[in-house]
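Colleague: A structural model of the following input is requested.
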Amino acid sequence: MSKIIWLASYPKSGNTWMRAFLHNLLRDPSESYDINKITDFSTSDSSLEWYAAQTARPWQDWTPLDVMRMKRSAQLAVCSWRRDDTFVKTHNASVYFMGYPLIHPDLTAGAIYIVRNPLDVCISLTHHYGCDLDTAIKLMGEDATGSNTNEKMVLEVHKSWSTHVESWTGQQRPGLAVLRYEDMLKNPVKAFGGLASFMGLNPPRQRLQRAIERSSFKALREQEDKKGFKERSPHAQKFFREGRSGQWRDILTHAQVDKVVEQHKEQMQRFGYWPLS
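Modeller: Now for the predicted structure:
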């Protein structure tokens, strides 16, 4: 049986960018891989279809406990989807919820975790959730944060930014690669090339460079401008909005910066986001 390679991150931390890179690297298309077709090659652990196949009851009747009870069967179905190990996007924290694991270790082949400075994450969340900065900062600090089941996705358990990061990176995991969003921006050849090597791939330099260019923020934004992106939040004008790091310096107040640091200083320090520079 094939297993799952998790593409994990807190929301708005570069997960879609990573998926686009992997699609362009492994498929090596003649032009940038269609962002609206990346679900042909990877999937999400929260996609309603994996759960709807487990029961005849309509999703409107599902309780959070129902979803958790179906989660293992849904992940087993994902494992049977393809002959090879499957890339699966998740924004879930790697924790237990209502007595059930959100991520089943025995169905896991490995994981790629992307971490991004929470000072920038909170800005992106305002556009994704349609809220103000203070609300986004508050949500990032609460362990009750997540999303509810709807016609497309089942509930997700995000927890706080710190809990999410700690849950995935705080202990040794076989087959875990951790990348910083900022390093992916600053030196993509080193960051993505290192990931390719970690995965046991040895792509020619030109192929790696093509994949990086075809999944760059500029390329992804151009695609969205031309044909839209089905994963865009209804609250946001654009999914690929700016993509740069350090936005917080121009946007957050001193009080807001202090609040984020107060909530997340330990994990920020682990990944070089504190002390502030």
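
Colleague: CA atoms only for the helix or strand hosting residue 51 - export them in CSV, please.
Modeller: Using DSSP states H and E, residue 51 sits in helix 48-52. Extracted C-alpha coordinates of helix 48-52, given in CSV (Å, rounded to 0.1, in the frame of the first residue of the first chain):
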residue,chain,number,x,y,z
LEU,A,48,-15.0,16.4,1.4
GLU,A,49,-14.9,13.7,-1.2
TRP,A,50,-12.7,11.4,0.9
TYR,A,51,-15.2,11.5,3.7
ALA,A,52,-18.4,11.5,1.6
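
Colleague: ok, then the element right after it?
Modeller: helix 64-79.

Colleague: please identify the buried residues of that next one?
Modeller: Of the residues in helix 64-79, 66-71, 74-75, 77-79 count as buried by neighbour count, 16 or more other Cβ atoms under 10 Å. All C-beta spots, glycine's among them, are computed from the backbone N, C-alpha and C.

Colleague: residue 146: which of these is nearest?
Modeller: Nearest to residue 146 among the buried residues of helix 64-79: residue 67, at 11.1 Å, using Cβ to Cβ.

Colleague: who are the contact partners of that closest one?
Modeller: Each residue near residue 67 by Cβ atoms under 8 Å, 6 or more residues apart in numbering is listed here: 51, 149, 154-155.

Colleague: report the buried members of those residues.
Modeller: Using 16+ other Cβ under 10 Å, the buried members of these are 51, 149, 154-155.

Colleague: by mean pLDDT, point me to the weakest helix or strand of this structure.
Modeller: Lowest by mean pLDDT, DSSP states H and E among the helices and strands of the chain is helix 217-227, with a mean of 77.

Colleague: CA atoms of that helix as PDB?
Modeller: What follows is helix 217-227 as a C-alpha-only set of coordinates in PDB (Å, rounded to 0.1, in the frame of the first residue of the first chain):
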ATOM      1  CA  PHE A 217       5.100  34.100  -7.200                       C
ATOM      2  CA  LYS A 218       5.200  36.100 -10.500                       C
ATOM      3  CA  ALA A 219       4.300  33.000 -12.600                       C
ATOM      4  CA  LEU A 220       1.500  32.000 -10.200                       C
ATOM      5  CA  ARG A 221       0.100  35.500 -10.000                       C
ATOM      6  CA  GLU A 222       0.100  35.800 -13.800                       C
ATOM      7  CA  GLN A 223      -1.900  32.500 -14.000                       C
ATOM      8  CA  GLU A 224      -4.400  33.700 -11.400                       C
ATOM      9  CA  ASP A 225      -4.800  37.100 -13.200                       C
ATOM     10  CA  LYS A 226      -5.600  35.200 -16.400                       C
ATOM     11  CA  LYS A 227      -7.900  32.500 -15.300                       C
END
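
Colleague: C-terminal to that helix, what's the next element?
Modeller: helix 248-251.

Colleague: not counting residues beside it along the chain, what's closest to residue 35?
Modeller: Distances taken as Cβ to Cβ, 6 or more residues apart in numbering put residue 223 closest to residue 35, at 5.1 Å, once the chain neighbours are dropped.

Colleague: from residue 148, how far out is the residue lying closest to residue 149 once chain neighbours are set aside?
Modeller: Excluding the flanking residues, the one nearest residue 149 by Cβ to Cβ, 6+ apart is residue 155, at 4.9 Å. Note on residue 155: its distance to residue 148, by Cβ to Cβ, to the nearest Å, is 5 Å.

Colleague: and for residue 131?
Modeller: According to Cβ to Cβ, residue 131 stands 16 Å off from residue 148.

Colleague: check residue 173 too.
Modeller: Counting by Cβ to Cβ, the gap from residue 173 to residue 148 is 28 Å.
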